[in-house]
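Trainee: Fold the following and give me the result.
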Amino acid sequence: MGLSSWIKRGKSENQSTANASKHGKVYYKNKIVHCGPSQFPLENLLKIFIKTTDEGPFKEDVFLVLAFGELMISLPSEQSNHIKLLDSLSKDIVIDYSNYIKAMGSSDNAKFVLWKK
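Mentor: Coordinates of the predicted model:
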């Protein structure tokens, strides 16, 4: 299955969001983010943030988002590898874990930047 078959259009005409929970494991190895069958070099990563919504606790309300320009990989917090992925990435970039902690306490519609190029 190719990337284009499982990316859904985001709010912006030029933005796509891949919901990783439905399309395979996301992990980081050898300076490459692997998402299902696709690979994204760390050098193309522009931002990492946590997106929170006011829809909890009955709907997923916390998402880890990796932004690669027009493509964004979104991992719901129910996916168990949030911390493992961030810990792996932190070997090559500096993650702001204080913003991660703030995000976990949020029940509003907000974004918490963990890293930005």
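Trainee: contacts and neighbour counts: CA atoms only from here.
Mentor: OK.
Trainee: list the contacts for the one residue sitting closest to the centre of the chain?
Mentor: Nearest to the mean C-alpha position of the chain, by Cα atoms, centre = their mean, lies residue 65 at 2.2 Å. Going by Cα atoms under 8 Å, 6 or more residues apart in numbering, residue 65 touches 48-51, 72-75.
Trainee: Pretty sure residue 94 sits against residue 115.
Mentor: Yes: here residue 94 reaches residue 115: they are 6.8 Å apart, a contact under Cα atoms under 8 Å.
Trainee: Compare those two (neighbour count), which wins?
Mentor: Neighbour count, other Cα atoms under 10 Å: between residue 94 and residue 115, residue 115 has more, with 18 against 13.
Trainee: Surely the more buried one and residue 47 touch.
Mentor: Yes: Residue 115 is in contact with residue 47 according to Cα under 8 Å; the separation is 5.6 Å.
Trainee: which stretches of the protein aren't confidently modelled?
Mentor: Scanning the chain for pLDDT under 70 picks out the ranges 1-23, 80.
Trainee: at 50 what do you get?
Mentor: Scanning the chain with the threshold set as pLDDT under 50 gives 1-15, 21.
Trainee: Which parts of it are helices?
Mentor: Per DSSP state H, the chain carries helices over the ranges 82-89, 97-104.
Trainee: Give me whichever of those helices is most buried.
Mentor: helix 82-89 (a mean of 16; mean count of other Cα atoms under 10 Å).
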